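Trainee: quick check, what structure comes out for this input:
(one chain, ligands or ions: 2)
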Amino acid sequence: MATVPTEVRLKTGIPGLDPLIQGGLQKGDFILLLGDLGTGKTVFSSQFVFNSAKLYNEKAVFATFEEDTRSLKRNMLRFGMDFDALEKEGKVKVLDLEALEGRGMGSNIEALLGALDDIGARRLVVDSLTAFMSGAEAKFDYSFLMHLIYKTLKREGVTTLMTVSRPQGSAVVPEVGVEEFVADGIFELRNYVSRDVEIKTQFLIRKLRGTEHSRKFHSVLFTPRGVEILPYTP
Ligand SMILES: Nc1ncnc2c1ncn2[C@@H]1O[C@H](COP(=O)(O)OP(=O)(O)OP(=O)(O)O)[C@@H](O)[C@H]1O
Ligand SMILES: [Mg+2]
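Mentor: Ligands and ions are numbered 1, 2, ... in the order given. Below you'll find the predicted structure:
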């Protein structure tokens with residue numbers, strides 16, 4: 001009789017998400033989180049790192065290219081995520097890639113892998129891939145680097161989430177888009193105008209390899225603990 005391998009799913013702990021993806025991600029998954037400005041990408045990815053270290057005993061690196069470390073930590077503290085405390089315990093490392101800017105792609109990648117190694121991290125966030133890859137200009141470089149990063153993280157079994165800033169409706173990265181094909185999963189946060197009176201946020205899963213996932217548009221709430229994804233209601 002053929003044995004069905006028991007699948008280990010890694011919970012994200014983001015309220016409402018795991019039930020939509022068969023309980024969680026698979027080890028080594030490489031996920032892109034797409035979203036327009038201010039849709040909650042940083043909050044979502046902070047929860048991914050925070051929960052990993054706090055709840056699931058998997059050390060994690062948060063590489064920020066968008067906000068400096070201080071303002072990131074301060075903003076996330078408002079959602080009850082104390083990154084300073086987790087850093088002191090050696091469970092999390094917040095890496096400021098902006099501060100390293102100008103040193104080129106090679107050293108950015110080195111810093112990233114070094115940080116993972118330092119604490120023995122099992123999960124990684126890069127916020128944002130858009131900024132991280134801005135050093136790679138030629139199309140060839142970009143594609144080559146994407147594959148390199150993908151393969152390296154896969155080999156190490158690091159489960160990764162990278163954000164992509166993208167105006168709604170436009171291509172992921174104009175004229176490139178290789179990351180869409182490389183990624184195991186694509187999540188999207190999008191804002192829309194509700195009844196002409198307010199902006200609301202929705203979440204959807206565009207793909208997730210090897211997973212039977214929701215294909216619905218889910219409402220997103222901002223709570224005192226971060227974002228929460230609601231079950232679909234017609
Ligand atoms: N304390 C809070 N309570 C409720 N909503 C909040 C709070 N703080 C932030 N927000 C909402 O979260 C949004 C910002 O979230 P976040 O920084 O994660 O978005 P982002 O997609 O990373 O933005 P950017 O494109 O600027 O990087 C704000 O625009 C606001 O709507
Ligand atoms: Mg952000």
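Trainee: can you name the next helix or strand after the lengthiest helix in the chain?
Mentor: The single longest helix within the chain, with elements called by DSSP state H, is helix 139-156. Toward the C-terminus, helix 139-156 is succeeded by strand 159-165 as the next helix or strand (DSSP states H and E).
Trainee: what's the angle from the longest helix of the chain to strand 159-165?
Mentor: Helix 139-156 and strand 159-165 are oriented at 150 degrees to each other (axes from the mean of the first three to the mean of the last three Cα atoms, to 10 degrees).
Trainee: which residues in the chain form strands?
Mentor: Using DSSP state E, the strands of the chain run over 9-10, 25-26, 30-35, 60-64, 92-96, 123-127, 159-165, 185-194, 198-208, 218-223, 226-229.
Trainee: need these in CSV with mean pLDDT, can you?
Mentor: Putting these into CSV (pLDDT from 0 to 100) gives the following:
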stretch, mean pLDDT
strand 9-10, 97
strand 25-26, 98
strand 30-35, 95
strand 60-64, 97
strand 92-96, 96
strand 123-127, 97
strand 159-165, 95
strand 185-194, 94
strand 198-208, 96
strand 218-223, 98
strand 226-229, 98
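Trainee: using TSV, lay out those strands together with distance to ligand 2 and mean neighbour count.
Mentor: (Each C-beta comes from the backbone N, C-alpha and C, glycine too.) Below are these laid out as TSV (distance: least, Cβ to the ion, whole Å; neighbours: other Cβ atoms under 10 Å):
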stretch	distance to ligand 2	mean neighbour count
strand 9-10	23	16
strand 25-26	21	22
strand 30-35	9	24
strand 60-64	9	27
strand 92-96	14	22
strand 123-127	6	27
strand 159-165	7	24
strand 185-194	10	17
strand 198-208	13	17
strand 218-223	14	15
strand 226-229	12	22
